[in-house]
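Student: I would like to see how this sequence folds:
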Amino acid sequence: MRILRTKLMRFGGALSCAGSASQALLAASVSVAIVVLSASVDVWAEPAESVWPEMSAAARQIGGGEKDVAVIVAIEKYAFVPSIPGARRNAKAWYDYFAKTRKARIENLTFVADADAALEGIRDAATKAARDVREGGCLWFVFIGHGAPSKDGKDGALIGVDAQQRANSIYARSLPLKELLAILQNSKAAGIRVIIDACFSGRTRTGDAIVPSLQPLVVTQAGPRDDPRTVLLTAARSDQYAGPLPGAVRPAYSYLLLGALRGWADTGGEGRLTAENVHRYAAGALQALLSDRNQTPTLLGDGSIVMAASPREAGPDLSAIAKRIADLGSPEDGGPGSGDSAPKRPQRIILFLDRGASGISRADYVAAKSMAEAMQARGVNVIASSALGQAIAAKLGQRLSQDGRLGAMRGELSRSGDYLVWGSFETSPGASGVEGMQSCLAAGTFHIEALKGRQRYEPLNLEQVKGFGLTQEGACRKAVANMGREIGSGCAGMLGLHQE
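Tutor: This is a model prediction of the structure:
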């Protein structure tokens, strides 16, 4: 795996069109590209990392899971369909919950991530877990990824990592929910807990259709009710989509449900958490905090079943979080106090890219254009390029390369933009392509900073963003465009971007 650069390399070089586009894309040469973007933004007043608990440390040990068997599936980087930033981070927190909080045996925990999470990998992990669980044990299955309706529209399906954006491929490379439940229920488990952070509407975390021609889902609820041991918790209804947590770049439902199990849902101090307790907590939090979509989690099965003892961890103050993410800024920015009739001024985002130390080539403009167009698809509209001017751009590059701080340039930049997104990326040839195609991997770290104020948001660390094409150059351009989509989705999640 490529180690990401967290500091920018040297910025510089005069603007030129020298060099081969394909060579520059492949050699990860350095360049500077400036793009000014415009979008309607709901601005959060606080850094994203301070809004929600990180969950990097497990909740206190409660035990009770010594006989547990668990499968955690997280697909953050799909090969052909949009990725899900933060999926692996949520999954690792779930793993710690089973291993450290519930004290499950490590050999009974299976973590299936990204490239290993094809149809066969998901099915095999579920089959092994069902075989390994013993009488009196609880069988857990957690999935964080994309979902879609089945071919007949009567069932949902969990999309594998290698599914392509064609209806036939989605149907062929996804695991039907009924099949998954049948595998899990063919076990000696005393209890079966299935958590699906995906929706079955066939839409991405931004609401876009994965494949426009997918058959709509007609919801059926027979699976869990046929087996009283089973509780099925899903992220959204069939006509909705599962999206990110407000104020963070990570899936909302699996985060909130885990928080509920850590004790956030134990508001009465009873010391035990039923399926209804954790369901109501996650559903209530989403209802209170979401403004860009409707996401209503579902609970199928007996809600009175005790999911776990409570670690009694105090949850975050949801009312305080709601206030912070609803703070739209000052009246001059079109925020609260400006009046309902006042037009909201579009917020401008400056995208500043660095790719090495050999100057700027035409490939860099291609990369910037691809990223900007991909971000536009996520609700950010490009209104100008090189709007800062060459002198200011060179000064900004030099300033960031020193210590990553804007200093006195903040005021100068704020006349041109409201937010700065800056970072570096690299490309490299990937493994052998799918079906004879070439592949390319892009990786990078991007920082988001408010220019009016001193807020810094959670960095976007993008690893192994894949692209495929008939040529290596085409594959790398596709990888860069996919990285742009990830940046756009990250900005949309953190800053509340939405299209007019």
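Student: Can you give the domain ranges for this structure?
Tutor: Annotated domains of the chain cover 21-45+328-495, 49-325 [automatic domain parsing].
Student: can you map out the strands along the stretch 101-250 of the chain?
Tutor: All strands of the stretch 101-250 of the chain, identified by DSSP state E, counting those that start in this stretch, fall at 109-113, 138-144, 147-149, 156-159, 174-176, 191-197, 230-234.
Student: Sorry, slip of the keys, the one I care about is the stretch 301-450 of the chain.
Tutor: Ranges of strands in the stretch 301-450 of the chain, per DSSP E, counting those that start in this stretch, are 306-309, 347-354, 381-385, 419-429, 438-450.
Student: Now tabulate the domains of the chain in a markdown table and tack on mean pLDDT and mean neighbour count.
Tutor: For every residue, glycine as well, the C-beta is placed using N, CA and C. Compiled in a markdown table, those are given as follows (pLDDT from 0 to 100; neighbours: other Cβ atoms under 10 Å):
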| stretch | mean pLDDT | mean neighbour count |
| --- | --- | --- |
| domain 21-45+328-495 | 62 | 20 |
| domain 49-325 | 88 | 20 |
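Student: Which one of the strands of the stretch 301-450 of the chain lies nearest to Met371?
Tutor: Nearest of those to Met371, taken as Cβ to Cβ: strand 347-354 at 6.8 Å.
Student: possible to save the strands of the stretch 301-450 of the chain as a markdown table with distance to Thr296?
Tutor: Formatted as a markdown table, the strands of the stretch 301-450 of the chain follow (distance: least, Cβ to Cβ, whole Å):
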| stretch | distance to Thr296 |
| --- | --- |
| strand 306-309 | 20 |
| strand 347-354 | 29 |
| strand 381-385 | 30 |
| strand 419-429 | 31 |
| strand 438-450 | 29 |
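Student: for these, which one sits closest to Pro246?
Tutor: Between Pro246 and the strands of the stretch 301-450 of the chain, the shortest gap by Cβ to Cβ is with strand 438-450, which sits at 15.2 Å.
Student: re the thing from before, redo the strands of the stretch 101-250 of the chain as CSV? Include distance to Ile349.
Tutor: As requested, the strands of the stretch 101-250 of the chain are arranged in CSV below (distance: least, Cβ to Cβ, whole Å):
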stretch, distance to Ile349
strand 109-113, 31
strand 138-144, 28
strand 147-149, 31
strand 156-159, 30
strand 174-176, 35
strand 191-197, 28
strand 230-234, 34
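Student: So which of the ones you listed is nearest Glu463?
Tutor: strand 109-113 (11.6 Å).
Student: Please name every helix or strand in contact with that closest one.
Tutor: strand 69-74, helix 87-96, helix 119-132 (3 or more Cβ pairs under 8 Å, 6 or more residues apart in numbering; DSSP states H and E).
Student: Please repeat the previous calculation with a cut-off of 10 Å.
Tutor: strand 69-74, helix 87-96, helix 119-132, strand 138-144 (3 or more Cβ pairs under 10 Å, 6 or more residues apart in numbering; DSSP states H and E).
Student: Listing partners with orientation, what would you give for the first one?
Tutor: If I follow you right, that is strand 69-74. Its sheet considered, strand 69-74 pairs with strand 109-113 (parallel), strand 138-144 (parallel) by DSSP bridges.
Student: Give me the angle between that strand and strand 191-197.
Tutor: 10 degrees (axes from the mean of the first three to the mean of the last three Cα atoms, to 10 degrees).
Student: Report the angle between strand 69-74 and helix 119-132.
Tutor: 160 degrees.
Student: Hey, what's the angle from strand 69-74 to helix 87-96? Just curious.
Tutor: Interaxial angle of strand 69-74 relative to helix 87-96 (the same axes, to 10 degrees): 170 degrees.
Student: do the last one as well
Tutor: Interaxial angle, strand 138-144 versus helix 87-96 (the same axes, to 10 degrees): 170 degrees.
Student: In PDB, could you pull the C-alpha coordinates for strand 138-144?
Tutor: The C-alpha trace of strand 138-144 is given here as PDB (Å, rounded to 0.1, in the frame of the first residue of the first chain):
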ATOM      1  CA  CYS A 138     -24.600 -15.000  19.200                       C
ATOM      2  CA  LEU A 139     -23.900 -14.600  15.400                       C
ATOM      3  CA  TRP A 140     -23.300 -11.100  14.200                       C
ATOM      4  CA  PHE A 141     -23.100  -9.900  10.600                       C
ATOM      5  CA  VAL A 142     -22.200  -6.200   9.900                       C
ATOM      6  CA  PHE A 143     -22.200  -4.900   6.300                       C
ATOM      7  CA  ILE A 144     -21.100  -1.300   5.400                       C
END
